[in-house]
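A.B. asks: dropping a prediction and its sequence here:
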Amino acid sequence: MGRSSSPRATLCFRPDDHGDPRQRAPQVLILEGYRRRDAGTVSVLGFDPARRERALKQRIGIVLQSTGVEQFLTVAEVIEMYRGYYPSPRPLDEIIDVVGLNEKRDDRVKRLSGGQQRRLDVAIGLAGDPELLFLDEPTTGFDPGARRRMWDAVKNLVSLGKTIFLTTHYMDEAQELANRVAVISAGRIVAEGPPRSIAGREMSHTIVRFRLPERARALPRSLKSSVPATDGRVQIEAADPVKVLHELTGWALEKGVTLEELEVARPTLEDVYLKLTAGEAAAAE
């Protein structure tokens, strides 16, 4: 990984580590310099991370799933302590502002909520003003409000020109934050690209879903061949959704049928992810 022309990158990997940091993707550990590779070459900002050179350490930041921080120090004191480890740290006030902890700067760590402590972890990772920040599962266990505040913090980092290498199990998080996504399955990157187009997503057919009442008659003959029905729900993959909807709604009006739970959507990033990792999921069962 050399200098990125784009300030964001998201890595999505299989959701079966149950939050155990010891089971983090080995590729990420290799990039961070915590695990030696078996073969091949790796470059991070022009350095081999396996050598754990000081020059590389000063240019990257790592935010783990949990960080042990002195509970009786204040937010500002903790960040200031970590700033002292670097020759050219980022200004304290800027760090606190970026992670949205201005109102908590003088509060002791033990009084912070889980989401606030997670943002403090990010602040620690920013102390050395890194070019590249590894951010591991930043919102695991968060409520919706806390997740949004963390997303805002990540977006603030991007506005500073930082490259973020973020691992997550949440597809909506990748969709919201990433301009590039990689999917890991069985230890290999099986797809990589922008969220909108990864694995041919932009070329995929539109999905039309609805539920038919039990009393409803059969669908039009032209739609039968492409309609798998399960548990009363019907799904149509439509290359031309306007044409399909016109025919479907015309038939429903003519027959007096209500198309319950009707929705029209393109395949989501989660749909693509599940398809790409289906083999691994089946092997795990």
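C.D. replies: On my side now, so go ahead.
A.B. asks: okay, CA-based contacts and neighbour counts for the rest of this
C.D. replies: OK.
A.B. asks: okay, now the unreliable bits of the stretch 151-285 of the chain?
C.D. replies: 199-203, 216-217, 224-231, 279-285 (pLDDT under 70).
A.B. asks: ok, which stretches of it are helices?
C.D. replies: Across the stretch 151-285 of the chain, reading from the start of the chain, the helices by DSSP state H, counting those that start in this stretch fall at 171-177, 221-224, 241-255, 269-276, 278-284.
A.B. asks: wait, which of the ones you listed is closest to P213?
C.D. replies: Within these, the stretch nearest P213 is helix 241-255; the backing value is 11.2 Å (CA to CA).
A.B. asks: mind checking pLDDT for G125?
C.D. replies: Residue-level confidence at G125 comes out at 93, pLDDT.
A.B. asks: which helix or strand contains it?
C.D. replies: With elements delineated by DSSP states H and E, G125 resides in helix 114-126, which encompasses its position.
A.B. asks: what is the neighbour count of G256?
C.D. replies: Using other CA atoms under 10 Å, G256 is surrounded by 10 other residues.
A.B. asks: distance of it relative to T249?
C.D. replies: As defined by CA to CA, to the nearest Å, G256 lies at a distance of 10 Å from T249.
A.B. asks: contacting residues around whichever helix or strand comes after the helix holding G125?
C.D. replies: Moving toward the C-terminus from helix 114-126, the next helix or strand (DSSP H and E) is strand 132-136. Strand 132-136 is touched from outside by 32, 59-65, 122, 125-126, 162-168, with contacts defined as CA atoms under 8 Å, 6 or more residues apart in numbering.
A.B. asks: what mean pLDDT does strand 132-136 have?
C.D. replies: 91.
A.B. asks: need phi/psi at D107.
C.D. replies: Main-chain torsions, D107, degrees, to the nearest 10: phi -90, psi 150.
A.B. asks: what bridges to the closest residue to P241 other than its chain neighbours?
C.D. replies: Across the structure, with CA to CA, 6 or more residues apart in numbering as the measure, the residue nearest P241 apart from its sequence neighbours is T206 (6.4 Å). Taking DSSP bridges, one finds A238 as the beta-bridge partners of T206.
A.B. asks: right, I'll leave it there.
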